[in-house]
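Okay, here's the prediction I keep looking at, along with the sequence it came from:
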Protein chains: 2
Amino acid sequence: MSETALHERIRADIEGQILSGAVLPGGKIPSELELMEVYGCSRATVNKALSRLNDAGLVYRRRKVGTVVAKPANQSMVLDVPDLRTEIAQRGQTYRYHVVDRVIRSAARNNDEEKRLAGKGRLLFVKGVHIADDRPFAFEERLISLATVPTIVKADFTFEPPGSWLLEHIAWTEAENIIGATAASEECAACLAIPVDSSCLLVERRTWRGEEGITQVRQQFAAGSYNLIARFGPDQGKKQ
Amino acid sequence: MSETALHERIRADIEGQILSGAVLPGGKIPSELELMEVYGCSRATVNKALSRLNDAGLVYRRRKVGTVVAKPANQSMVLDVPDLRTEIAQRGQTYRYHVVDRVIRSAARNNDEEKRLAGKGRLLFVKGVHIADDRPFAFEERLISLATVPTIVKADFTFEPPGSWLLEHIAWTEAENIIGATAASEECAACLAIPVDSSCLLVERRTWRGEEGITQVRQQFAAGSYNLIARFGPDQGKKQ
DNA sequence: CAGTGGTCTAGACCACTGA
DNA sequence: CAGTGGTCTAGACCACTGA
């Protein structure tokens, strides 16, 4: 085995040709048979390289036609949505979560979204503040489906905030984030120690496991105190 | 060949066991040799299934140890960052871009970021407002590297806004978005027809082609008028 | 029909790493 | 040392699809 695998070298070669513009969108990549000769390897190896490029969306492949460079209509970026406790710890700050309110209740009768989340069970509502180095950092209101996550009623959130607890105990299969701005309500402003109506970053997230809703959460951050970062680049694909 | 490929069936089987919680994080997936017997297939086939799970971050694999279910630390979502003109058109609204200012200048001497973007060339600065159905929608300040994109000096932005022009004419390989909130400045408030200091969603984006900077842009949206949406789900991975 | 990719097999040698 | 994954080969049959 050489330093880097051959299939990886082939993949990088072709990716380079695409990104440098040497092969334009719509342009053809050599067929697997041709690449076998160029690299003096088996078809399985070039197939692996081309399949990865296909998975990454850089090319598409069709029988008889061959492998073609895709158009960069690809405007999707990768947004890391980290656990707040983890993120604050990584900054070297001390983390604390303060529970403002904690109630078990049924879904509101006039709220279809809550009813979908609750299913046939009840909801745990938790309101709290994330605190970094004794300064309030995020105001959070969260609903959790007890039908999906019954064991969370025993959790102690002064020890571990509900978001982190859920991450440790439940695998989600689907999530949606809506990111916007809002003006701080009186309660939010009091919790974050900022003036009423000042500008806040607002993140609303819903997560599911298959068809079952797990949680929905609304987080507010004082403007400038926190940003989300989304990236697109060639250094993707490294995990764990 | 059956309806779905065998490697895909194996992948889905194991994914199901992970997502349902039948195998917990840290739990072991059978070795390739064991799975060969279970599914009565060759090692290459189970390897392909397990490799895809590894790429997706659901498991990690180590020699001698085997394949282990990863902790769901995997909090990366896909954020679509669409072209504003396209997005407004898709909503069925009429789109217009109003140029507030347009200047060609050198990088500011005390601004390292501008100097990196400019390289050895000058910068095109464009300030403008995106308008949907005659209502101001976004306030935008943009710098474009003329070293990288010299032909943009001839573009008519009343016809096509600079962001859309760039999308049509330049392929980028890397992009970074910083998403936060801010309070509207006097100028921004005037352009968006909102009160000074009201809450705005702020998107700052930089794009590169290889090592060369293409553009950096700062867009502000009145709170509530626009949201970004990021998703994670099983319907990912379909491209083109 | 003929070219191209999709998938699979049976086997091989090797690298890494826990015991 | 022994088990496990990483990679590769040479070959096979098939499905799809443009000409």
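That came in fine, so what should we check first? Residues are numbered from 1 along each chain as shown, chains lettered A, B, ... in the order given.

quick one: strands adjacent to the worst-scoring helix or strand of chain A on mean pLDDT?
Least confident helix or strand, chain A: strand A:76-80 with a mean of 81, by mean pLDDT, DSSP states H and E. Strand pairing for strand A:76-80, using DSSP bridges, gives strand A:228-232 (antiparallel), strand B:76-80 (antiparallel).

Name the SS class of the residue of chain A most remote from its centre, please.
In chain A, the residue that sits farthest from the middle, by C-alpha atoms, centre = their mean, is residue A:37; the gap is 41.2 Å. When classified by DSSP: H, G, I helix; E, B strand; the rest coil, residue A:37 comes out as helix.

before we move on, back to that, the least confident helix or strand of chain A: which residues count as buried?
Buried residues in strand A:76-80, defined by neighbour count with 16 or more other C-beta atoms under 10 Å in any protein chain shown: A:76, A:77, A:78, A:79. (C-beta placed from N, C-alpha, C; glycine too.)

could I have the next helix-or-strand element following that strand exported to CSV, CA atoms only?
Sequence order places helix A:84-90 as the next helix or strand after strand A:76-80, per DSSP states H and E. The C-alpha atoms that make up helix A:84-90 are tabulated as CSV, following Å, rounded to 0.1, in the frame of the first residue of the first chain:
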residue,chain,number,x,y,z
LEU,A,84,-24.1,24.9,23.7
ARG,A,85,-22.5,23.3,26.8
THR,A,86,-19.8,21.7,24.7
GLU,A,87,-19.2,24.9,22.7
ILE,A,88,-18.8,27.0,25.8
ALA,A,89,-16.5,24.4,27.4
GLN,A,90,-14.4,24.4,24.2
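
Give me the contact list for helix A:84-90.
When contacts are defined by C-beta atoms under 8 Å, 6 or more residues apart in numbering or on different chains, helix A:84-90 is touched by residues A:94, A:95, A:97, A:130, A:132, A:137, A:138, A:160, A:161, A:163, A:164, A:219.

For the first one, report the pLDDT, please.
Residue A:94 carries a pLDDT score of 95 in this model.

pretty sure it is in contact with residue A:135, am I right?
No - with contact defined as C-beta atoms under 8 Å, residue A:94 does not reach residue A:135; the gap is 10.4 Å.

Can you tell me which of the buried residues of strand A:76-80 is nearest DNA strand C?
Among these, residue A:76 lies closest to DNA strand C (C-beta to the nearest atom of the strand), at 21.4 Å.

For the closest one, list each beta-bridge partner.
Judged by DSSP bridges, the bridge partners of residue A:76 are residue B:80.

do residue A:62 as well
For residue A:62, the beta-bridge partners under DSSP bridges are residue A:66.

Looking at it now. What's its pLDDT?
As predicted, residue A:62 sits at a pLDDT of 94.

Which strand residues bridge the closest residue to residue A:117 other than its chain neighbours?
In space, not counting the residues next to it along the chain, residue A:117 is nearest to residue A:213; the distance is 4.0 Å by C-beta to C-beta, 6 or more residues apart in numbering or on different chains. Residue A:213 forms beta bridges with residue A:208, as assigned by DSSP bridges.

show me what contacts residue A:213?
A:116, A:117, A:118, A:119, A:145, A:148, A:206, A:207.

try 7 Å this time
A:116, A:117, A:145, A:148, A:206 (C-beta atoms under 7 Å, 6 or more residues apart in numbering or on different chains).

so residue A:143 makes contact with residue A:214?
No - between residue A:143 and residue A:214 there is no contact under C-beta atoms under 7 Å: 9.9 Å.

which outside residues touch the least confident helix or strand of chain A?
For strand A:76-80, the external contacting residues (C-beta under 7 Å, 6+ apart) are A:228-232, A:236, B:75-81, B:175, B:177, B:230.
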